[in-house]
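A.B. asks: Sequence plus the predicted model coming up.
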Amino acid sequence: MGILRLLAEPEKHFVKQWSADPVEFGVCMTLIAEALNVAQPTASRHLDILKQAQLISVRKHQKWSYCQRNEVAIREYHHWLGQELAVTK
């Protein structure tokens, strides 16, 4: 399952996160790597790409980094992509 899909329902996929509320604060990168069954550096690289594209936001709290979807940017990208892929006559 993709990162953006997992982050769409953090209360469902990250119930064992104890350090912060996954809905309000975001999901710890370590738990995202576990959910994807990949090494943390691999997950970090993918998360960095999503962050650069502004599809997620990342904030640090103590020694952890937490990720949340950027719903506005995702909607804007979805709209743009739909226009780009539309067949013109």
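C.D. replies: Here it is on my side, so go on. Numbers count the residues shown, from 1 in each chain.
A.B. asks: could you point out the longest helix in this protein?
C.D. replies: Scanning the chain for the longest helix, with DSSP state H as the assignment, gives helix 71-85.
A.B. asks: Check what contacts that helix and list those residues.
C.D. replies: Applying CB atoms under 8 Å, 6 or more residues apart in numbering, the set of residues contacting helix 71-85 from outside is 4, 53, 54, 55. To be clear about C-beta, it is placed using only N, CA and C from the backbone, and glycine gets the same treatment.
A.B. asks: ok, 10 Å please
C.D. replies: Applying CB atoms under 10 Å, 6 or more residues apart in numbering, the contact partners of helix 71-85 are 4, 7, 8, 50, 53, 54, 55, 56, 57, 70.
A.B. asks: and it, which residues are buried?
C.D. replies: Going by neighbour count (16 or more other CB atoms under 10 Å), the buried part of helix 71-85 is residue 74.
A.B. asks: Over to residue 58: give its phi and psi.
C.D. replies: Residue 58 adopts backbone torsions of phi -130, psi 130, taken as degrees, to the nearest 10.
A.B. asks: rewinding a little: show me the contacts of helix 71-85 that map onto helices.
C.D. replies: Among the contacts of helix 71-85, the members found in helices (DSSP H) are 4, 7, 8, 50.
A.B. asks: Residue 34: which of these is nearest?
C.D. replies: Nearest to residue 34 out of the ones in helices among the contacts of helix 71-85 is residue 7 (CB to CB; 13.9 Å).
A.B. asks: Just give the number of residues close to the closest one.
C.D. replies: 24 (other CB atoms under 10 Å).
A.B. asks: dump the residue contacts of the closest residue to it other than its chain neighbours.
C.D. replies: Of all residues not flanking residue 7 in the chain, residue 69 sits nearest, at 4.7 Å (CB to CB, 6 or more residues apart in numbering). Contact analysis of residue 69 by CB under 10 Å, 6+ apart lists 3-8, 10, 26-27, 50, 55-57.
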